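>>> Structure, please.
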Amino acid sequence: MTANGLLQIGLFFVIIFALTIPLGGYMTRVFAGERTLLSPLLRPIENLFYRVAGTDPKQEMRWTEYAVAMLVFNLFIFFLLYVMQRFQASLPFNPQGMDNLAPDLAFNTSVSFVTNTNWQAYVGEATMGYFVQMAGLTVHNFVSAATGIAIVLAFIRGFTRHSVQTLGNFWVDMTRCVLYVLLPIAVIAALFLVWQGIPQNLNPYVDATTLEGAKQTIAQGPVASQIAIKMLGTNGGGFFNANAAHPYENPTALANLFQMILMICLAAALTNVFGRMAGNQLQGWALFGTMAILSIAGVLLIYYLESMGNSNFVPLGIDQVAGEMQPGGNMEGKEVRFGMANSSLFAALTTDASCGAVNGMLDSFTPLGGMIALLNIQLGEIIWGGVGSGLYGILLFAIIAMFIAGLMVGRTPEYIGKKLETREVKMTMLALLILPFSSLGFTALATVLPQGLAGISNNGPHGFSEILYAFTSATGNNGSAFAGLSANTMFYNLTTSFAMLIGRFAMAIPMLAVAGSLAAKKQVPPSSGTFPTDNGLFVALLTGVIIIVGGLVFFPSLALGPIVEHTFMINGILF
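Okay, the predicted model is just below:
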């Protein structure tokens, strides 16, 4: 660890803090239907969409109607993407003549992008034509992110409304999110990335001759437009197989910083939206503080662990000490253009934010460094999390924290003026427990079946970690991988698809049920016995609950993989 590296990490979090209030204020006005700077341009387009779709923007939905609309919409766009991939060879803008995808891979990819997971069991530049990249994957990056934000808006309304049966209108929330938030920022971001050197064209790939005389095919295409929303929407699916380590996806240090900011800014701003809609911005800052504490701790742990290096390199004479000519530590699998600090920061943020984009190979991190990335996902993707899904995930933990606080003082728990009773706590536990049930269940299945074991590239604990990480990432809708796993098989394409569907919808539906139940309740005025949820004590309680619950559920599986592997590594045994 160096002072320079720590300064870069600190600068990033200062920028995120500075963006939270203005972005939060803007988004609150957008979702409230208030006038914004873009209203004169976009309001006519918004109203046109409503007329064409036959939607009344003033007609609100019960939680069941909201859930059905969300499910029907996602089923429809899933089908569209699946058809595009199955008939890719017949579609335009395919200069490389990419073939149709196999049914199981097309199914897996469609589920992946619909659920905002963007798990990629294929090599992007060798599999997808431009039409599918643009009209399929990029469009899904917008609508899957908007779906997550729409769901959290419904959840927030459950807390902030009282004595009503409705949670808003799914179609209105989706439309406003895409038009006013995602699209304008993504356009500006794409232009910035083009300036930094990312291609944006429809040209065929270029055949070049290297200095050694070898032939090389240089892939290009409509890259910048996809990368912008890939990061902003915490999607993570790259145009290229190397993702954010590829120079055409992440060409400069400034582009790297910009992409990390895009990855976190909306998730952080949504905490401010929550505080504003709750009528007390401190409520949002309490959630922001919890996320920031866990995020900074994870970043520093990964940075420290990777800076310590790999003891197995010592007998080989490899210098792992930081100096003027090298960053030191375990640089295997990391992008040398960005160094140890930025590789560690990116790895922590991408697993914090349910993004899945990577600028380094997580499979090559030290065992405990990789464990922190894995733990970030296993906590429920609530440290920033995906846009929308991170906030409603941490709010579920807030319900559990207040339930525990209520048990300690012997009174009915409350949060944001709503009593938390049996129904809400049961639905919350169902939403939270479905995640370890899926990730650990599919991991157990893969470790005992020949089809699952055939995919690992390493024996011993690290092979187990590859499988565990894959299903944890799929269930957490993250999409990153240890990348030592050969996942493009019928077994993994189907099992990871089911895990992604469970992680997205089996969590969202009980959460919407909680929102509907809370919205129907009366607002309870605070009293002398009310536990404050806008101060440091609540932040400490919530942080502790997240760590303890995540540790109790997942620690046995972690011990079988990274911790055991670390024990062997320091004794000079490689897997």
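>>> Correct me if wrong: residue 272 contacts residue 281.
Yes: contact criterion C-beta atoms under 8 Å: residue 272 and residue 281 qualify, at 6.6 Å. Placement of C-beta: from N, CA and C, glycine included.
>>> which SS class is the residue lying closest to residue 118 once chain neighbours are set aside?
Take residue 118 and drop its neighbours on the chain: the residue closest to it by C-beta to C-beta, 6 or more residues apart in numbering is residue 237, 3.2 Å away. Under DSSP: H, G, I helix; E, B strand; the rest coil, the three-state class of residue 237 is coil.
>>> Now the helix or strand hosting residue 447: buried residues?
Using DSSP states H and E, residue 447 falls within helix 422-448. Judged by neighbour count (16 or more other C-beta atoms under 10 Å), helix 422-448 contains these buried residues: 424-425, 427-428, 430-432, 434-436, 438-443, 446.
>>> Neighbour count: residue 272 and residue 281, which is higher?
residue 272 (25 against 19; other C-beta atoms under 10 Å).
>>> For residue 568, give me the pLDDT.
Looking at residue 568, its pLDDT stands at 55.
>>> typo on my end, residue 552
pLDDT, residue 552: 66.
>>> And residue 571, by the same measure?
51.
>>> Any stretches of this protein with poor pLDDT?
Applying pLDDT under 70 to the chain flags the ranges 550-575.
>>> one more time with 50
Within the chain, the ranges that satisfy pLDDT under 50 run 572-575.
>>> So which residues make contact with the helix or strand harbouring residue 184?
Assessed by DSSP H and E, residue 184 sits inside helix 183-196. The contact list for helix 183-196, computed with C-beta atoms under 8 Å, 6 or more residues apart in numbering, reads 38, 142, 200, 224-225, 227-229, 231-232, 251-252, 254-255, 258, 262.
>>> ditto for stretch 151-160
31, 63, 66, 70, 167-168, 170, 173, 270, 273-274, 277-279, 388-389, 391-392, 395, 415-418, 508, 511-512, 514-519.
>>> Can I get that stretch in PDB, CA atoms only?
C-alpha atoms of stretch 151-160 as PDB (Å, rounded to 0.1, in the frame of the first residue of the first chain):
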ATOM      1  CA  ILE A 151     -38.900  -1.400  -8.000                       C
ATOM      2  CA  VAL A 152     -37.000   0.600  -5.400                       C
ATOM      3  CA  LEU A 153     -39.300   3.600  -6.000                       C
ATOM      4  CA  ALA A 154     -42.300   1.400  -5.200                       C
ATOM      5  CA  PHE A 155     -40.500   0.200  -2.100                       C
ATOM      6  CA  ILE A 156     -39.700   3.800  -0.900                       C
ATOM      7  CA  ARG A 157     -43.400   4.700  -1.500                       C
ATOM      8  CA  GLY A 158     -44.300   1.900   0.800                       C
ATOM      9  CA  PHE A 159     -42.400   3.500   3.600                       C
ATOM     10  CA  THR A 160     -43.300   7.100   2.800                       C
END
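>>> In space, what's closest to residue 134 - neighbours in sequence excluded?
Residue 134 sits nearest to residue 222 (C-beta to C-beta, 6+ apart), 5.4 Å away.
>>> Show me the beta-bridge partners of the one you found.
Judged by DSSP bridges, the bridge partners of residue 222 are residue 200.
>>> Could you double-check that it lies in contact with residue 130?
Yes: Residue 222 lies in contact with residue 130 (C-beta under 8 Å); the separation is 5.9 Å.
>>> that older thread, can you flag which of the contacts of stretch 151-160 belong to strands?
415, 418 (DSSP state E).
>>> Residue 470 contacts residue 484, correct?
No: look at residue 470 against residue 484 with C-beta under 8 Å: they stay out of range, at 9.6 Å.
>>> Just give the nearest non-adjacent residue to residue 296, would you?
Nearest to residue 296 is residue 13, by C-beta to C-beta, 6+ apart, at 6.6 Å.
>>> And for residue 508?
residue 151 is the one closest to residue 508 (C-beta to C-beta, 6+ apart), at 5.4 Å.
>>> Can you give me the neighbour number for residue 358?
Around residue 358 there are 26 residues (other C-beta under 10 Å).
>>> Can you tell me how far the closest residue to it other than its chain neighbours is from residue 327?
Of all residues not flanking residue 358 in the chain, residue 243 sits nearest, at 5.1 Å (C-beta to C-beta, 6+ apart). Separation of residue 243 from residue 327 (C-beta to C-beta, to the nearest Å): 21 Å.
>>> can you pull the contacts of residue 482?
Neighbouring residues of residue 482 by C-beta under 8 Å, 6+ apart: 362-363, 370, 465-466, 469-470.
>>> got a winner among these for most neighbours?
residue 465 (32 neighbours).
>>> Which of the helices or strands spans that residue?
helix 460-475.
>>> Give me the angle between the helix or strand that that helix is followed by and helix 422-448.
Sequence order places helix 490-501 as the next helix or strand after helix 460-475, per DSSP H and E. Relative orientation of helix 490-501 versus helix 422-448 (axes from the mean of the first three to the mean of the last three C-alpha atoms, to 10 degrees): 170 degrees.
>>> So what touches helix 490-501?
Contact partners of helix 490-501, identified using C-beta under 8 Å, 6+ apart, comprise 104-105, 107-108, 111-112, 115, 117, 119, 121, 438-439, 442, 445-446, 449, 451-452, 455, 470-471, 474-475, 477, 485-487.
>>> Give me the nearest residue to residue 432, chain neighbours excluded.
Residue nearest to residue 432 in three dimensions, not counting chain neighbours: residue 396, with 5.8 Å by C-beta to C-beta, 6+ apart.
>>> repeat for residue 130
Here the residue nearest residue 130, using C-beta to C-beta, 6+ apart, is residue 93, at 3.9 Å.
>>> Residue 111 versus that neighbour, what's the distance?
In terms of C-beta to C-beta, residue 93 sits 24 Å off from residue 111.
>>> What of residue 310?
36 Å.
>>> and what of residue 445?
18 Å.
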